[in-house]
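Participant: What follows is a predicted protein model with its sequence.
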Amino acid sequence: MNKKKFSFDNYYSSFLDLIKPNKEIVHKINFFCNLIKKTNRQKSKILFFGNGGSAAIASHVAIDLTKNAKMQSLCFNDSSHITCLANDYGYENWIQKSIEFHCNKNDLVVLISSSGASPNMIKAAKFCIQKKIKLVTFTGKSSRNKLKLLNLKGLNFWVNSYAYNHIELTHLFWLLSSVDTIIGKFKYKVN
C-alpha cells in the first residue's frame, strides 16, 4: 500500500484554498446575512441543527448570533431533547420533530451536515420544503449529496472536499464570518 506522508503544509494550503473568497461565496454570505436580518426584523428566530462536529458548530454560531448580534437563535443539542425525540420518533426524525415543535411561520432553519447524507437532515429538509419553511444548508463531500440536491431552490453552501475537518472548519469559518458581517466588524467587545 502506497500512502502519501501527511504534510501540514499541504493540509494547511488545501484548507486556505477552500476559504479563499470568490464572488459566489461573497454573494451567498451577503444573501445569508440579509436573510438572517430579515428573519430578525420579523421578530422570528434562526434554528440551527447538526450532528457530531456540526452540532458543535451549530451551537457556537447560535450563541454568537444571540449574544453578540442580538438576534434570537437556537440550537438543539441538549442530550435529553435529542434522546427523548429519538426514542419516541426514531433518530432519523428527531430534527424534523424539533422543527415541528419549535418553528414558527417566519423562522429560518439552518442544517449543517458535512456529508449531506444524514437521514435526519434529509427528513428535516424535506419537511421544511414541504411546509415552505426558509431553509439554508451547509454541506460537503459529493457535489451531488442528497441535502444539497434537495435544497437546489434554496441557499446551500457546499465545500468541495471529502476531508471532514476541512469541511467543518470551512462551515465554521463561513458561519462566523456571517455573524461578524451582520455585526459589521470583526473586533468587538465581548462581555
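Facilitator: Looks like it came in fine. Residues are numbered from 1 along each chain as shown.
Participant: use CA for all of it now, contacts and neighbours both
Facilitator: Will do.
Participant: Tell me which residues of stretch 24-42 come out buried.
Facilitator: Within stretch 24-42, the residues that count as buried by 16 or more other CA atoms under 10 Å are 28-29, 32-33, 35-37, 39-40.
Participant: can you tell me which of the residues you listed lies nearest to residue 145?
Facilitator: Nearest to residue 145, judged by CA to CA, of those is residue 28 at 18.9 Å.
Participant: On the three-state scheme, the closest one is what?
Facilitator: At residue 28 the chain is in helix, as set by DSSP: H, G, I helix; E, B strand; the rest coil.
Participant: Looking at it now. What's its pLDDT?
Facilitator: pLDDT, residue 28: 97.
Participant: same deal with the one 10 residues further on?
Facilitator: According to the model's per-residue confidence, residue 38 sits at a pLDDT of 97.
Participant: tell me which element it is part of?
Facilitator: Assigned by DSSP states H and E, residue 38 belongs to helix 23-41.
Participant: Just the CA atoms from that helix would do, formatted as PDB, please.
Facilitator: In PDB, the C-alpha atoms belonging to helix 23-41 read as follows (Å, rounded to 0.1, in the frame of the first residue of the first chain):
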ATOM      1  CA  LYS A  23     -17.700  36.300  -6.000                       C
ATOM      2  CA  GLU A  24     -20.000  33.300  -5.500                       C
ATOM      3  CA  ILE A  25     -19.300  32.800  -1.800                       C
ATOM      4  CA  VAL A  26     -19.200  36.500  -1.000                       C
ATOM      5  CA  HIS A  27     -22.700  36.800  -2.700                       C
ATOM      6  CA  LYS A  28     -24.000  33.800  -0.800                       C
ATOM      7  CA  ILE A  29     -22.700  35.100   2.600                       C
ATOM      8  CA  ASN A  30     -24.300  38.500   2.000                       C
ATOM      9  CA  PHE A  31     -27.600  36.900   0.900                       C
ATOM     10  CA  PHE A  32     -27.500  34.700   4.100                       C
ATOM     11  CA  CYS A  33     -26.800  37.700   6.300                       C
ATOM     12  CA  ASN A  34     -29.700  39.600   4.700                       C
ATOM     13  CA  LEU A  35     -31.900  36.500   5.300                       C
ATOM     14  CA  ILE A  36     -30.900  36.400   8.900                       C
ATOM     15  CA  LYS A  37     -31.600  40.200   9.300                       C
ATOM     16  CA  LYS A  38     -35.000  39.900   7.700                       C
ATOM     17  CA  THR A  39     -35.800  37.000  10.000                       C
ATOM     18  CA  ASN A  40     -34.800  39.100  12.900                       C
ATOM     19  CA  ARG A  41     -36.800  42.100  11.700                       C
END
